[in-house]
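Undergrad: Here is my input, please return the structure:
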Amino acid sequence: MPRNMIDGTKPFGAHALAILCAMAVGGCVSTETHTKTLAELEASKKTSAQLQQQLAGLQKNLDQESTQRLAAEQQAASLAK
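TA: Now for the predicted structure:
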């Protein structure tokens, strides 16, 4: 008959404990995978920074064009009077 602990759960078997220990010692991912993932993360950060700079430049251009359009509309309105 299987043993149950006080809270109703079953204790780990020896094979499950061995698997958990092997995972803890060996790690969950290889060094190669870890290094590759870090390189991908750095590349993504670099791309994100570049896109943020591009977005800031586009926003600046949009603001300038909006100001110029407003000035042109005001000038056209004053000439129409």
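
Undergrad: Next one: residue 66 from residue 59, what distance?
TA: Shown here: residue 66 relative to residue 59, a distance of 10 Å by Cβ to Cβ, to the nearest Å. Every residue, glycine included, has its C-beta placed from N, CA and C.

Undergrad: CA atoms of the helix or strand harbouring residue 15 as PDB?
TA: In this assignment (DSSP states H and E), residue 15 forms part of helix 14-26. Extracted as PDB, the C-alpha positions of helix 14-26 are listed here (Å, rounded to 0.1, in the frame of the first residue of the first chain):
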ATOM      1  CA  ALA A  14      13.900   7.700  -5.600                       C
ATOM      2  CA  HIS A  15      13.900   8.000  -9.400                       C
ATOM      3  CA  ALA A  16      12.100  11.300  -9.300                       C
ATOM      4  CA  LEU A  17      14.600  12.600  -6.700                       C
ATOM      5  CA  ALA A  18      17.500  11.500  -8.900                       C
ATOM      6  CA  ILE A  19      16.100  13.300 -11.900                       C
ATOM      7  CA  LEU A  20      15.600  16.500  -9.900                       C
ATOM      8  CA  CYS A  21      19.200  16.300  -8.600                       C
ATOM      9  CA  ALA A  22      20.500  15.800 -12.100                       C
ATOM     10  CA  MET A  23      18.600  18.800 -13.400                       C
ATOM     11  CA  ALA A  24      19.900  21.000 -10.600                       C
ATOM     12  CA  VAL A  25      23.500  19.900 -11.100                       C
ATOM     13  CA  GLY A  26      23.400  20.000 -14.900                       C
END
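
Undergrad: From the chain's centroid, how far away is it?
TA: 31 Å (Cα atoms, centre = their mean, to the nearest Å).

Undergrad: Stretch 52-66 now?
TA: On the basis of Cα atoms, centre = their mean, stretch 52-66 sits 24 Å off its chain's mean C-alpha point.

Undergrad: Quick check: which ranges of this structure have low pLDDT?
TA: Where the chain drops to pLDDT under 70, the residues are 1-12, 24-27.

Undergrad: And the helices in it?
TA: Using DSSP state H, the helices of the chain run over 14-26, 31-80.
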